[in-house]
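J.: The following block contains a protein sequence and its predicted model.
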Amino acid sequence: MILKKDFSPEALNDLEIIRDYLLAEYGVKTSEDNIKKVMKSIRSLGQFPLQGSGVWERYGIESDYRYLYANHNYVFYRVENDAVKIIRILDARRDFLNVLFGIKTQTDEDYLEE
């Protein structure tokens with residue numbers, strides 16, 4: 001059984017931010033290639049939803065989120081009944097623990113804002 005994928009509004013916005021940043025910095029081809037690779041990884045979650053690591057197991061933070069590293073981005077998701085819910089898609093340089101859980105692990109200077 002292949003699970004459907006459902007994107008949160010934040011995840012869709014994250015994809016736009018990533019696409020726009022790469023388009024401005026590196027051009028159309030790089031932007032398109034990156035988004036295609038991220039989407040390919042997300043599609044694979046429909047067939048193999050537990051392939052990513054659990055946030056609880058990795059960081060000890062009580063959460064049902066799992067994450068997958070996809071072409072310099074972390075895809076955060078959870079499995080809900082017959083679907084994989086994509087929660088956020090964050091650049092690997094971002095302090096994702098702060099974005100998701102309010103746990104600051106780096107200073108603001110460590111990450112260049114979009």
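T.: Structure received.
J.: Quickly find the element holding residue 74.
T.: Per DSSP states H and E, residue 74 falls inside strand 73-80.
J.: packing partners for that strand?
T.: Other elements packing on strand 73-80 under the criterion 3 or more Cβ pairs under 8 Å, 6 or more residues apart in numbering; DSSP states H and E are helix 28-47, strand 66-69, strand 83-91, helix 96-101. C-betas here are computed from N, CA, C, even on glycine.
J.: what comes into contact with it?
T.: 3, 6, 18, 38, 41-42, 45, 49-50, 52, 55, 64-69, 84-92, 96, 100 (Cβ atoms under 8 Å, 6 or more residues apart in numbering).
J.: Where does pLDDT dip in this structure?
T.: Along the chain, segments meeting pLDDT under 70 span 106-114.
J.: let's go with 50 and repeat that
T.: 114 (pLDDT under 50).
J.: For residue 41, which non-adjacent residue is spatially closest?
T.: Nearest residue to residue 41, sequence neighbours excluded (Cβ to Cβ, 6 or more residues apart in numbering): residue 70, at 3.7 Å.
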